[in-house]
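Engineer: Quick check, what structure comes out for this input:
(chains A and B)
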Amino acid sequence: MNVIKVENLGKRYLIGHDKKADGAFRYNSIRDSIYHSMRGVFQKIRHPLSPNKENITLEEFWALQDINFEINQGDKVGIIGPNGAGKTTLLKLLSRITHPTTGSIKIKGRIASLLEVGTGFHQELSGRENIYLNGAILGMRRLEIRKKFDEIVAFAEVEKFLDTPVKRYSSGMYVRLAFAVAAHLEPEILIVDEVLAVGDAAFQKKSLGKMEDVSKEGRTVIFVSHNMLAMSKLCENAILLNKGRIQKQDRVNLVIDEYFSKLYRTIESENFTIDNFRREPNEQKEIKFVDITINNKPHASIDIGNNIDIHFKINSMINLQHVNITIQILNNLGEIVTTILSMDSENSFNISKGINSIQCSIEQIGLYLMPGKYYITAGINKVIGSKACDVIVNYPAFEINNTGLNSLSIRHDRPGVFYHKKINWNKRD
Amino acid sequence: MKDFDILIEPKKSIKNFWKELYTYRELFLFLAWRDILVRYKQTVIGIAWSIIRPLLTMVVFTIVFGKLAKMPSGGIPYPILVFSAMLPWQFFSNIISESGNSLISNSNMISKVYFPRIIIPTTSMIVSLIDFFISSFIFVLIMLFYKFIPTIYVILIPFLLIHAIITSLGIGYLVSALSVKYRDFRYIVPFMVQFGLYISPVGFSSSVIPEKWRLIYSLNPMVGIIDGFRWAILGDKFQIYIPGFILSIVISISIFIVGFVYFRKTEREFADVI
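Structural biologist: Residues are numbered from 1 along each chain as shown, chains lettered A, B, ... in the order given. All right, here's what the predicted structure looks like:
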C-alpha cells in the first residue's frame, strides 16, 4: 500500500542577480524595492520610449524536476546524491517546510521530519525544559514525551545535568540530548537528514543502532546520508538524485554502486570542484580544504603496492596550532578500510594564515590494498573530539590496478580488503 | 485519492487549516511557555521590568500632559486617566513589536520543521497578556492609593481586551509576514509604534479633540479601544464617542482579516526566503 506518492514534483527557486554587484542576493528590502521602482519611474520620465532597464535579473533555478516515486508502508528508502543534487529540497518538500512549484505529493499517516537535531533548543532553558519543547516542536504530544522522558534522558546520558541550562552543556552533551529526543519520535513516516554525523564515534554507533531499531519496527523511513555503509544497513531501496532529477531508483546496493561510479565520472569531467564533495558547502568556514591531489593528480591510478601520496591544500583565515587531520579510506561499498589520524604520527600541524600544503604519504609495505576503487573522507579538527571544521566526503581518490609491484595479478573477484605480501608458508613435520 | 491524509500541491494553501491548528495546540502552549520562561529567566529584573515601564511612562505623561500642559482630566486624578490608557496601549504595542519580530527570531524552526506558521506570531500575544495582568495589578494599587472606585462597566474589559487582541494580532501578522519578505521592515516597526503613541489618546483624553474631527480621529482603531477602557474604568465621568467606537470595531476586524489573509497567502514561501 502506498503511503507516499510523488508525481511530477518540481521546485524552482528564483535567484536574483544584481548586475552591478555581480552577486546573488537573498533578501528583499523595502529600501531596494522603493529604489528600484523609483529608478524605473525616473527612467520612464527621462526616456519615455526606452524599455525598462532593471538592474536586477532573476535567474530560474530548478532544484528539483520531474520527480516521481512511490513509497510503500514499511519501506526504508535512502536518498543518495552528490551535493546540490536536491536531496535536502526533496526532504523539505516531503516534510512540508517548503512548497512545490509543480506536481503533487500525497501522504498517508503521521509524518515527522528530522532535518537537524536540536531545532528550537533554547540556550537559557534547562535540559528538562528543552526535552519537552523540542519534543513538541517535532510533533510529540505532552503525554508521549512524559512517557518516554526517562528513556530519552538515559539514552542521552545527561541525568545529572537535567536542570542545568543547555548553554552550559558541552557540545557532546548537547548533541546527545538533541538526538535522543528525536530518536524517540514515533511517527508512521520518519524523514531523516544527515543527522547521524554528530557526536563522537561511540555515540554515532549508538545512534545508528537506534535508527536500525526504529526501522525494524515497521515504520516507513526516508533517509539521507553520505555514509553509504549506514545507508546500505538501514535501507532496502534507494533513489539516486543528480542535478535535481532522479537518476536511478533500485535496490540500495545497486544505487550505491551507481553513485560511486557517478562520483568517478564527476571527477573525470572538466568542471568539477572540490565543493562537490564538501559537507555543508554553503557554510562560511575559517579553515577549509581547497584542493586534494593523489600522486599529483586529482584522481590517481596506482599500481598495487605502490605508495599513495595524498596532498591537501588548506586555506585558513587564522593561525592555529595543533590541528589534526583525519583521513578515512573507503571502498566501493562505503566500508571504511582504514582511518588515519595525523596525530597518530605525532604530527599535529600548525596552520598559518593563507594556503598550507600538507602531505600524507602512505607506504604500502607488506599490506597492499586490493585492486578496486577507493574514496577518501577527510576532516580537519581544531580540537580532537570536537566537530570538524571542514569535511570532504567520499572523494574518489584513487584506483588500485591489478598489476603493479612484482607484476602482481589477483583474481578480480577475490574477497578481502588487503593483499598480504609478507606471508610465509611452511610445511612442518 | 481519498486514502491520503495530506495533499501537497503548488498554489494551494494548506487544507484542513483549522483541524491542523487544533492538532498543534500543544505546540502553541509550549512556545508560549518557552517565551514566558525565557523572558523571566533572561532578564534579571524580569517582572520588575514589566512594572517599571508602565509606571515610569505614567509618571512622565502625568507631569508633561497633566502638570505642564494642563490638559483637562474631567476631575479624574491624572495618573488614573493615563494608566487606564496605558494598559491597552502597552498591550497593543508589545504584541506588535514581539510578533513582528517573531518569525525572524524563530527562523531556524521555520526552515527545519513544519507546523502551522501562524502559531508563532500568535504565541507572542501570551507573554504580552501576562504583562497586561501585571500592569493591571499595579493599576489596582494606584486606584487604591487614590481611593478611586471603578465603575461596574469594568466587567466589560475582557471584551475590550479581545478588541485589542484582534487589532494587534492583525497588525502583528501583517508585520511579521512583511518582515520575512523585506528584511528592513522590522526597523520601521519601532518607529510606527512610537508614532502611534503620539497619535493615540494615551497621555491625554480624546475629549480634547474637537467634535468635528473625532470621527476622523477614530480611524485610528486604538482610539476606540483606549476610549473603551477609559469608559469602562472611569464610567460616566468620561464621555465615549459611540460612532467612533463602532468605526474602531469595524476597522479592527478589517485589519485582522487583511493581516490573516496576507499571512496565509505568503506563509508557503517563508522557508524559502527566511
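Engineer: Parallel or antiparallel, list what pairs with the helix or strand encompassing residue A:238.
Structural biologist: For residue A:238, the host element (DSSP states H and E) is strand A:237-242. Sheet pairing here is set by DSSP bridges, and for strand A:237-242 it gives strand A:76-80 (parallel), strand A:245-251 (antiparallel).
Engineer: Pass me the low-pLDDT residue ranges in chain B, would you?
Structural biologist: Residue ranges of chain B with pLDDT under 70: B:1-2, B:11-15, B:42-46.
Engineer: can the helix or strand containing residue B:136 be found next to chain A?
Structural biologist: Counting by DSSP H and E, the element that carries residue B:136 is helix B:119-145. No - figure legend: helix B:119-145 not in contact with chain A (Cβ under 8 Å from any Cβ of the partner chain); closest approach 10.4 Å. Just so you know, the C-beta spots here come from the backbone N, C-alpha and C atoms, and that holds for glycine as well.
Engineer: Can you list the buried residues in that helix?
Structural biologist: Residues of helix B:119-145 classed as buried under the neighbour-count rule (16 or more other Cβ atoms under 10 Å in any protein chain shown) are B:119-132, B:135, B:138-139, B:142-143.
Engineer: Who are the packing partners of it?
Structural biologist: With contacts taken as 3 or more Cβ pairs under 8 Å, 6 or more residues apart in numbering or on different chains; DSSP states H and E, helix B:119-145 sits against helix B:25-42, helix B:46-61, helix B:78-105, helix B:157-181.
Engineer: Let me know the angle separating the last one from helix B:78-105.
Structural biologist: Right, the one you point to is helix B:157-181. 40 degrees (axes from the mean of the first three to the mean of the last three Cα atoms, to 10 degrees).
Engineer: hmm, the helix or strand following helix B:157-181 in reach of chain A?
Structural biologist: Sequence-wise, the next helix or strand downstream of helix B:157-181 (DSSP H and E) is helix B:185-199. Yes - using Cβ under 8 Å from any Cβ, we find that helix B:185-199 touches chain A at B:185, B:188.
Engineer: residues in contact with the helix or strand just after helix B:185-199?
Structural biologist: Counting by DSSP H and E, the next helix or strand C-terminal to helix B:185-199 is helix B:214-217. Residues outside helix B:214-217 that contact it (Cβ atoms under 8 Å, 6 or more residues apart in numbering or on different chains) are B:206, B:209, B:223, B:241, B:243, B:244, B:247.
Engineer: My guess is the first one contacts residue B:225. True?
Structural biologist: Put plainly, it is residue B:206. No - taking Cβ atoms under 8 Å as the definition, residue B:206 is not a contact partner of residue B:225, at 11.1 Å.
Engineer: which other residues reach the strand holding residue A:238?
Structural biologist: A:69, A:75-82, A:85-87, A:90, A:231, A:246-252, A:255-256, A:258-259, A:262.
Engineer: Same check on stretch B:171-188?
Structural biologist: Against stretch B:171-188 from outside (Cβ under 8 Å, 6+ apart): A:27-31, A:33, B:95-96, B:98-104, B:118, B:120-121, B:124-125, B:189, B:255-256, B:258-260, B:262-263, B:266-267, B:270, B:273-274.
Engineer: What backbone torsions are found at residue B:153?
Structural biologist: Note on residue B:153: its backbone torsions stand at phi -60, psi -10 [degrees, to the nearest 10].
Engineer: Tell me, how many residues neighbour the closest residue in space to it that isn't next to it in sequence?
Structural biologist: Closest residue to residue B:153 apart from its sequence neighbours, by Cβ to Cβ, 6 or more residues apart in numbering or on different chains: residue B:232 at 4.3 Å. Residues within reach of residue B:232, counting by other Cβ atoms under 10 Å in any protein chain shown, total 21.
Engineer: What residues does residue B:232 make contact with?
Structural biologist: By Cβ under 8 Å, 6+ apart, the contact list for residue B:232 reads B:150, B:151, B:153, B:154, B:156, B:157, B:160.
Engineer: ok, of these, which come out buried?
Structural biologist: Those of these that meet the buried threshold are B:150, B:153, B:157, B:160, by 16+ other Cβ under 10 Å.
Engineer: Now tabulate the residues you listed in CSV and tack on distance to residue A:176.
Structural biologist: Putting the buried ones among the contacts of residue B:232 into CSV (distance: Cβ to Cβ, whole Å) gives the following:
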residue, distance to residue A:176
B:150, 55
B:153, 57
B:157, 49
B:160, 49
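Engineer: List just the nearest of those residues to residue A:293.
Structural biologist: Residue A:293 lies nearest to residue B:160 out of the buried ones among the contacts of residue B:232, by Cβ to Cβ, at 73.5 Å.
Engineer: check contacts around the closest one.
Structural biologist: By Cβ under 8 Å, 6+ apart, the contact set of residue B:160 is B:88, B:225, B:228, B:229, B:232.
Engineer: ok, residue B:206 and residue B:225, which is more surrounded?
Structural biologist: Shown here are residue B:206 and residue B:225; by other Cβ under 10 Å, residue B:225 has more neighbours (27 against 23).
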